[in-house]
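In: need a structure here:
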Amino acid sequence: MSTISPVLTKRAFTLHEDWVVVVLGALLIALSLLGLPFVAPVFNWASTAELTGKVLSASNLQLIATQFVYLGAVAGIGAWLTGKSVRNFALGFPLVYGLTLVALVVAGSAQARGFGLEAVIFSLLIGLLVSNVLGLPDWLRATLTTELFVKIGLVLLGTSVIFSDILKAGSLGLVQALVVVLSVWYFAFWLCRKLKVDDELTMMIASGVSICGVSAAIATSGAIKGDPKKLSYVISLVLITAVPMMILMPYAARWLGLSQEVTGAWLGGSIDTTGAVVASGSLVGETALKISTIVKFSQNVLLGAAAFAISLYWTYTNHPAASEAEAKPTLSIIWERFPKFVLGFVAASLLFSFFVAPATTEAVKGGLKSAQGLWFALAFTSIGLETNFSDLFKQENKRPLYAFLLAQTFNIFVTLGIASLLFR
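Out: From the prediction side, this is the model:
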């Protein structure tokens, strides 16, 4: 969900990650409509005989190899377009794919399916195990493209969401987003001040908890020219706290007897990363996944305006160069911070809602849904690999941690109340 400018590289041509996602999503959809649908391997099995005879059969292993080349080629193009090292990506992607493949096979067992455990859970757990027990070298961690994977999956998700659903859920989601963002941001800001957290961390924490997690923290850091070490700490807080939330909140919703609509709005409004929102929504059901995604998008679109407001506040109250004209923010920051991949999601929904014949939709929807699920699984493996719980304990001053956790708790309850009122 990153909305920062691309890192400068020696190549003259690079694209912002969000635009790359739109391009790749359009490519995948076009290939399906032109008669080259994505064919997914079989991963479901109920016995050792089925595991060896179906999942590990020569024909299925050939499909798995084809899938590896297909996904790797698309993601490799994405790495190249965003200016990342294609060589390093080529070294790291096989690990991510291999771990994801293990998760898919485990999730395909009759036992896992009987408990309703999705592949995303195993992808996350395997990634966490590798990251926190075995560890990853820095160069390999730098090759992970979590946001690229999850955003491609989200663009493909747009093909299954009717546009009228976006208008309905999006309007309610925008109302929820405005109330949640304003109330949670102010509470987090007030709490940080009470706990004597420094100003830079205060702004990053308040934005990260209330708006959209990592992207909001990055945008805020850019707006206030924050310390990169403090930004890294806030990002670690966001990613690590998202893990238990994405697993536990769907079960809490089921225990509370919430509908899929309310559950989706609750997940989308309170979990801070888009990937975690998708994972938790997937655990509940198709409706919850769609609603949670649309609601999360409603919060994401506020990022540009929020970054502009934070820039104004910081410039005129704290910034040492506030008197310099070039240091003052302009309205262009709203478009700069706007998450462009949302446009890809909406365009896909418009295309399949009004322009693609129902017979064509029926023919390609299975392949697109399978591709979407695999991109999500790759993203969740990457989330696990990126998450190192020891990062929480590196900072001696625990006040920012306490402020973040308390603000997140407030966010959970406020969002539950608003979602219950709006989406019942």
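In: what about residue 367, how many neighbours?
Out: By the criterion of other Cβ atoms under 10 Å, residue 367 has 18 neighbours. C-beta: built from backbone N, CA, C; applies to glycine.
In: and it, what does it touch?
Out: Residue 367 makes contacts with 32, 37, 38, 39, 40, as judged by Cβ atoms under 8 Å, 6 or more residues apart in numbering.
In: just residue 41 next, same as before
Out: Here residue 41 is in contact with 55, 60, 63, 64, 67 (criterion: Cβ under 8 Å, 6+ apart).
In: Mind checking what secondary structure it has?
Out: Look at residue 41: counting by DSSP: H, G, I helix; E, B strand; the rest coil, its state is coil.
In: re earlier: PyMOL command to pick out the buried ones of the contacts of residue 367?
Out: For the buried members of these, the matching PyMOL selection, counting by 16 or more other Cβ atoms under 10 Å, is:
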select buried, resi 32+37+38+40
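In: pLDDT for the contacts of residue 367 - can I get that in JSON lines?
Out: Output for those, formatted as JSON lines (pLDDT from 0 to 100):
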{"residue": "32", "pLDDT": "89"}
{"residue": "37", "pLDDT": "70"}
{"residue": "38", "pLDDT": "74"}
{"residue": "39", "pLDDT": "77"}
{"residue": "40", "pLDDT": "81"}
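In: Spatially, what comes nearest to residue 144 if we skip its sequence neighbours?
Out: Ranked by Cβ to Cβ, 6 or more residues apart in numbering and with sequence neighbours excluded, the top spatial neighbour of residue 144 is residue 382, at 4.6 Å.
In: and if you look at residue 386?
Out: residue 144 (5.7 Å).
In: Quickly find the element holding the one you found.
Out: Taking DSSP states H and E as the definition, residue 144 sits outside all helices and strands.
In: ok, residue 215 - how many residues close by?
Out: 26.
In: And it, how far from residue 107?
Out: From residue 215 across to residue 107, the span is 29 Å (Cβ to Cβ, to the nearest Å).
In: so where's this protein shaky on pLDDT?
Out: Along the chain, the parts satisfying pLDDT under 70 run over 1-13, 115-117, 315-331, 337, 391-397.
In: Can you check which helix is longest in it?
Out: The residue-count maximum for a helix in the chain (DSSP state H) belongs to helix 163-194.
In: any idea how far that one is from the chain center?
Out: With Cα atoms, centre = their mean, to the nearest Å as the basis, helix 163-194 stands 17 Å off its chain's centre.
In: From the contact counts, what lies against it?
Out: The helices and strands touching helix 163-194, judged by 3 or more Cβ pairs under 8 Å, 6 or more residues apart in numbering; DSSP states H and E, are helix 199-207, helix 260-270, helix 286-300, helix 341-350, helix 399-422.
In: In three-state terms, label residue 32 for me.
Out: helix.
In: on that earlier part again, which of the helices and strands packed on helix 163-194 sits closest to residue 24?
Out: When the helices and strands packed on helix 163-194 are compared by Cβ to Cβ, helix 341-350 sits nearest residue 24, at 8.9 Å.
In: residues making contact with the closest one?
Out: Contacts of helix 341-350 (Cβ under 8 Å, 6+ apart): 18, 21-22, 25-26, 29, 151, 154-159, 161-163, 166, 293, 297, 300-301.
In: Show me which of those are buried.
Out: Burial by neighbour count, judged by 16+ other Cβ under 10 Å, picks out 18, 21-22, 25, 29, 151, 154-159, 161, 163, 166, 293, 297, 300-301 from those.
In: Among the contacts of residue 41, filter down to the buried ones and hand me the ChimeraX syntax, if you would.
Out: The ChimeraX command for the buried members of the contacts of residue 41 (criterion: 16+ other Cβ under 10 Å) is given here:
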select :55,64,67
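In: Which of the contacts of residue 41 fall in strands?
Out: Assigned to strands by DSSP state E, none of the contacts of residue 41 qualify.
In: Can I get the contacts of residue 41 in TSV including distance to residue 221?
Out: Putting these into TSV (distance: Cβ to Cβ, whole Å) gives the following:
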residue	distance to residue 221
55	45
60	46
63	43
64	41
67	37
